[in-house]
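In: Dropping the sequence and predicted coords here.
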Amino acid sequence: FKSRSPSCGLCGVEVYRGDQPAGSGRGLFAAAVTAHFPLLPVEEEGRLCNGELRDGFVARVFAYSQVDRLKTEGC
């Protein structure tokens, strides 16, 4: 996801009520995806520059894939 994007930011997105800032939150598309797929590994692109965070994200992606395959194969 794209950091601070009004549609794709996972956190720290400026939320407005009318034309006034009302705090921070999640982008609309990011909110919909994470609500519909709560176990899907997600990360903002800027955080992937950190090696430890990137490695953790990749590990979560592979674990998610393994679990999804097990559910599909019925093991």
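Out: Yes, it's here. If you're wondering where the values come from, they're calculated on a predicted model, not measured in any experiment.
In: Low-confidence stretches in this structure?
Out: 75 (pLDDT under 70).
In: where along it do the helices fall?
Out: Ranges of helices within the chain are 28-36, 51-73, based on DSSP state H.
In: Number of residues surrounding the spatially closest residue to residue 40 that is not a sequence neighbour?
Out: Of all residues not flanking residue 40 in the chain, residue 64 sits nearest, at 6.6 Å (Cβ to Cβ, 6 or more residues apart in numbering). (Glycine included, C-beta is placed from N, CA and C.) Taking other Cβ atoms under 10 Å as the criterion, the count of residues near residue 64 is 14.
In: Now for residue 29: which residues touch it?
Out: Each residue near residue 29 by Cβ atoms under 8 Å, 6 or more residues apart in numbering is listed here: 7-8.
In: 10 Å instead?
Out: Residues near residue 29 by Cβ atoms under 10 Å, 6 or more residues apart in numbering: 1-2, 5-9.
In: ok, and the most crowded of these?
Out: Busiest of these [other Cβ under 10 Å] is residue 9, holding 22 neighbours.
In: That residue and residue 58: what is the separation?
Out: 21 Å (Cβ to Cβ, to the nearest Å).
In: how many other residues sit next to the closest residue to residue 61 other than its chain neighbours?
Out: Sequence neighbours aside, residue 41 is the residue nearest to residue 61 in space, at 5.0 Å (criterion: Cβ to Cβ, 6+ apart). Per other Cβ under 10 Å, the neighbour tally for residue 41 reads 15.
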